[in-house]
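output the structure for:
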Amino acid sequence: MDESSKGLTLGAFLEPEGRDAPLMCVRVPARAELVSAARAIAGLTLKAHGVAPAVVVAAELIVSEVATNVVFHNKWDLDPVIVLIMSKAGSVLRIEAVDSEPAIPKIRELTADSESGRGLQIVQAVSDRWGVDLIPPDGKVVWCELVAWPDETDQR
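So this is what the prediction gives:
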């Protein structure tokens, strides 16, 4: 890995019985220069699991947006980290971004000259569903789901 990739931690899981099948877990320091590395790892993981190219592009975009949100909005931690998790349940790909910022992200009203604030609008447009779960006492999971394996039964 090059100098900009230092700090990435990859994880592997065994599939828990009766739960989503984990595909990837990566712990990334919330630094702008590592967002592209997280996106690339997500793309490579999905390609290795036979996901269609259009879905890979959509998932890479989602990973970029949720990771960027953590980079720019996490004011709670002095050294913020993003944990990105991708898992499979039937035909559905679930992407989760876990961070320690307690603020709930919201879709904002934008004007034509707004320079930022489109990340969650993009996530909403690209995914089939999305949401936020709180992790007490501080933190949250921003998650989204999209159909990645349409030939498999949906077990949601």
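
when you work out contacts or count neighbours from here on, use the C-alpha atoms and nothing else.
Noted.

longest helix in this protein, please.
Ranked by residue count and defined by DSSP state H, the top helix of the chain is helix 53-73.

just give me the neighbour total for the closest residue in space to residue 58 that isn't next to it in sequence.
Take residue 58 and drop its neighbours on the chain: the residue closest to it by C-alpha to C-alpha, 6 or more residues apart in numbering is residue 126, 6.3 Å away. The number of residues packed around residue 126, counting by other C-alpha atoms under 10 Å, is 19.

mind starting the numbering at 808 from now?
With 808 as the first residue, the last one maps to residue 933.

now find how far off-centre the helix or strand hosting residue 832 is within its chain.
Residue 832 is part of strand 828-836 when elements are defined by DSSP states H and E. Centroid displacement of strand 828-836 relative to its chain, using C-alpha atoms, centre = their mean, to the nearest Å, is 9 Å.

ok, stretch 910-919 next?
Distance, centroid of stretch 910-919 to centroid of chain: 18 Å (C-alpha atoms, centre = their mean).

could you pull up the mean pLDDT of that stretch?
For stretch 910-919, mean pLDDT is 73.

and that stretch, which residues are buried?
With burial defined by 16 or more other C-alpha atoms under 10 Å, the residues of stretch 910-919 counted as buried are residue 912.

can you list contacts of that stretch?
By C-alpha atoms under 8 Å, 6 or more residues apart in numbering, the residues outside stretch 910-919 that reach it are 924, 925, 927, 928, 939, 946, 947.

OK, contacts around the last one?
Looking back up the chat, that one is residue 947. Neighbours of residue 947 in contact, by C-alpha under 8 Å, 6+ apart: 905, 906, 907, 908, 909, 911, 939, 940, 941.

now do the strands in the protein.
When assigned using DSSP state E, the strands of the chain occupy the ranges 816-818, 828-836, 888-896, 899-906, 936-941, 947-954.

which stretch in these has the least confidence?
strand 816-818 (a mean of 43).

any idea how far stretch 851-868 is from the middle of the chain?
13 Å.

CA atoms of it as CSV?
Extracted in CSV, the C-alpha atoms of stretch 851-868 (Å, rounded to 0.1, in the frame of the first residue of the first chain):
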residue,chain,number,x,y,z
LEU,A,851,-12.9,-4.9,-5.8
THR,A,852,-14.8,-6.8,-3.2
LEU,A,853,-18.1,-6.6,-5.1
LYS,A,854,-16.4,-7.5,-8.4
ALA,A,855,-14.9,-10.6,-6.7
HIS,A,856,-18.5,-11.6,-5.6
GLY,A,857,-19.9,-11.3,-9.2
VAL,A,858,-21.8,-8.1,-8.8
ALA,A,859,-22.9,-6.4,-12.0
PRO,A,860,-20.8,-3.5,-13.1
ALA,A,861,-23.6,-1.0,-12.8
VAL,A,862,-24.3,-2.0,-9.2
VAL,A,863,-20.5,-1.9,-8.4
VAL,A,864,-20.5,1.7,-9.6
ALA,A,865,-23.6,2.6,-7.5
ALA,A,866,-22.0,1.0,-4.4
GLU,A,867,-18.7,2.8,-5.0
LEU,A,868,-20.6,6.1,-5.2
